[in-house]
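I'll drop the sequence and a predicted model, then ask my questions.
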Amino acid sequence: MIKASEICKRFATVEALKGVSLEVARGEIVAIVGASGAGKSTLLQILGTLMAADSGRVVIDGVECSTLSEGELAAFRNQHIGFVFQFHHLLPEFTALENVMMPALIGGANLKDAQHRAMELLEMVGLSDRAQHKPVELSGGEQQRVAIARALVCRPSVLFADEPTGNLDTASRDQIHSLLMSVREQFNQTIVMVTHDMSLADSVDRKIVMSDGCIL
């Protein structure tokens, strides 16, 4: 599903990534771990096409991302990549249902189809009864489950997660662990995450350890 080759990235005098290469299989859950400053989030952003590498190649589901124009890349990202961040980034003025629908509407789905898909996902994450609640009316764990539903609404090839449990209490963290595993089982979803949560990292298919811009 993902093939990254010799990815390099420098910020001023700091060499954040030093020729990183990796492959992720379809349906695999991979955790990227390491100390702060190891290059984990930089790698995740480059794999997710949110940041361009200085050199190297990223191929997702057979598409080499560097060959796409800015508009093509935005469309590709909408249709093929889902994102979950430590802070959910839900739109506060919209309900849970509307937040989940948003990427589908941006991608050109009609309102009825987007609403149907969003409700299916809210039911899957256990929040169908909270569909009309705004983010301020939801707990932190509930907001993160809405964010996961939103990331899945366009049926992405890959789900990228940056510290998905980093801002949650133990009970909510365990719910997110279970939900991510369920997502893979139901959709054969490829998931790549950065995490400091070692209980989560130890529960996935493969753990990639980074240090000083390299994979150990």
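Structure received. Numbering: from 1, shown residues only.

And the residue of the chain most remote from its centre, how far from G37?
In the chain, the residue that sits farthest from the middle, by Cα atoms, centre = their mean, is T13; the gap is 28.7 Å. Look at T13 and G37: by Cβ to Cβ, to the nearest Å, they are 14 Å apart. C-beta coordinates here come from the backbone N, C-alpha and C atoms, glycine included.

again, but for L121
Distance from L121 to G37, by Cβ to Cβ: 35 Å.

Please identify which of these two sits among more neighbours.
Per other Cβ atoms under 10 Å, whichever of L121 and G37 has more neighbours is L121, with 23 against 14.

Would you enumerate the residues in contact with the closest residue to V125 other than its chain neighbours?
Using Cβ to Cβ, 6 or more residues apart in numbering and skipping the chain neighbours, the partner closest in space to V125 is R145 (4.1 Å). Taking Cβ atoms under 8 Å, 6 or more residues apart in numbering, we find R145 in contact with 125-127, 175-176, 179.

what's the longest helix along the chain packed up against?
In the chain, taking DSSP state H as the definition, the longest helix is helix 170-187. Other helices and strands packing on helix 170-187, by 3 or more Cβ pairs under 8 Å, 6 or more residues apart in numbering; DSSP states H and E, are strand 29-33, helix 140-152, strand 190-194, helix 198-201.

So which elements touch the last one?
The helices and strands touching helix 198-201, judged by 3+ Cβ pairs under 8 Å, 6+ apart, are strand 29-33, helix 170-187.

Can I get it as PDB, trimmed to CA atoms?
Taking Å, rounded to 0.1, in the frame of the first residue of the first chain, the C-alpha atoms of helix 198-201 are listed here in PDB:
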ATOM      1  CA  MET A 198       3.700   1.800  24.100                       C
ATOM      2  CA  SER A 199       0.700  -0.400  25.000                       C
ATOM      3  CA  LEU A 200      -0.800   0.700  21.700                       C
ATOM      4  CA  ALA A 201       2.500   0.200  19.700                       C
END
